[in-house]
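Chemist: build me a structure from this.
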Amino acid sequence: MTAAVYLAIYFGLFIFLAGCLRRILVYARTPLHLRWEIYPLPHEHPYRAAYGGSYFETQEWWRQPQVTNRRGEWRVMIEEILFLKSLREYNRRLWLPSFLFHFGLYIAIAAVACAALALACGQLSATSQITGLVHVLAPIAMFSAAIAATLIVAGAFWLLMRRTADPALKNSTHAGDIFNLLFFIVAFTLLIGGYMLRAPGTATLGEFARGAVHFDRSITMGSAFGAGLILASTLLAYIPFTHMAHFIAKYFTWHAVRWDDRRNERGSVLEDKVAASLGYKPTWSAPHVGADGQRTWAEIATTNPTREAQTTREAQK
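Modeler: Residues are numbered from 1 along each chain as shown. Coordinates of the predicted model:
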């Protein structure tokens, strides 16, 4: 079983990274978006961002360099990623269970990083300083992993109760949402229970981590803990191919849609993208747009659909 667990972890991690890379490439290659023009933008000067202004208010703004406030962007991103600020403001009932669930995932990532660093330090040198660092990082990783798994199970279970019991969430809850939450609950419950109830003589978390790096099949582990690891690895591989990969889409939504106020200057990459977009032939169902799949965006944008409709009616008379 030990070899099967190792293979599941390796394949799960590989498929996860490959799936995320595929998503990134798909989003990066999408056509240019329609600018939202929603202010304030976090990368504006703090003075203008405070009241929703933009650099377009500056006289002859096209003659001046466009300055981006990266600190403002990072502040908004940290508030949103770590604390789910938008969800807290607009859907308070879902905020706390979602916060517990996501924060548990972040702690799990930190626990894996601590464990990897401890293993790397253990391989580098046997000096007293490095050994002392390993002795500090290993317990932190183990404690963080326990806290993370607990928060993930608690948050997922709470979200499951919200989605099944709250009538307001019925229209936005689908079978896939229920399945995903159950997937997390079962996988991390097996991890917690399997490790806590493991038999004497089976591998500790640190021993298992070292064994996974060296593919050491001599270590033994409990069947429940091994099943939890296989299930968690399967879950990891499954995430990029579902809407749970919204952490990738969110980056592009912010930076390429909500916050994109670049100038369309001659000879720029943006000018080339605009030119390509004007050649597309959209097929929208809204009749007033006139996007029948035959005319290009340039033709649609340079005609008045109201006047065309009036001309057509007069011709029919």
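Chemist: quick one: residue 69 from residue 58, how far?
Modeler: For residue 69, the distance to residue 58 (CB to CB, to the nearest Å) stands at 14 Å. C-betas here are computed from N, CA, C, even on glycine.
Chemist: these two - which one has more neighbours?
Modeler: A count of neighbours by other CB atoms under 10 Å puts residue 69 above the other of residue 69 and residue 58, at 16 against 13.
Chemist: give the contact list for that one.
Modeler: 42-46, 49 (CB atoms under 8 Å, 6 or more residues apart in numbering).
Chemist: now with 10 Å, please.
Modeler: Residues counted as contacts of residue 69 (CB atoms under 10 Å, 6 or more residues apart in numbering) are 41-46, 48-49, 75.
Chemist: now do residue 174
Modeler: Residue 174 touches 163, 180, 243, counting by CB under 10 Å, 6+ apart.
Chemist: the second one contacts residue 238, correct?
Modeler: Yes - counting by CB atoms under 10 Å, residue 180 touches residue 238, with 8.5 Å between them.
Chemist: tell me which of the two has more neighbours.
Modeler: Per other CB under 10 Å, whichever of residue 180 and residue 238 has more neighbours is residue 180, with 20 against 17.
Chemist: how near is the closest residue to the more buried one other than its chain neighbours to residue 103?
Modeler: Using CB to CB, 6 or more residues apart in numbering and skipping the chain neighbours, the partner closest in space to residue 180 is residue 244 (6.2 Å). Computed with CB to CB, the distance linking residue 244 and residue 103 is 16 Å.
Chemist: same check, this time on residue 222
Modeler: Distance, residue 222 to residue 103, by CB to CB: 28 Å.
Chemist: just residue 174 next, same as before
Modeler: 25 Å.
Chemist: go on, residue 252?
Modeler: For residue 252, the distance to residue 103 equals 23 Å [CB to CB].
Chemist: now do residue 149
Modeler: Using CB to CB, residue 149 is found at 12 Å from residue 103.
Chemist: ok, now residue 40?
Modeler: As judged by CB to CB, residue 40 and residue 103 stand 27 Å apart.
Chemist: go on, residue 274?
Modeler: Applying CB to CB, one obtains 41 Å for the distance of residue 274 from residue 103.
Chemist: I appreciate the help and will end here.
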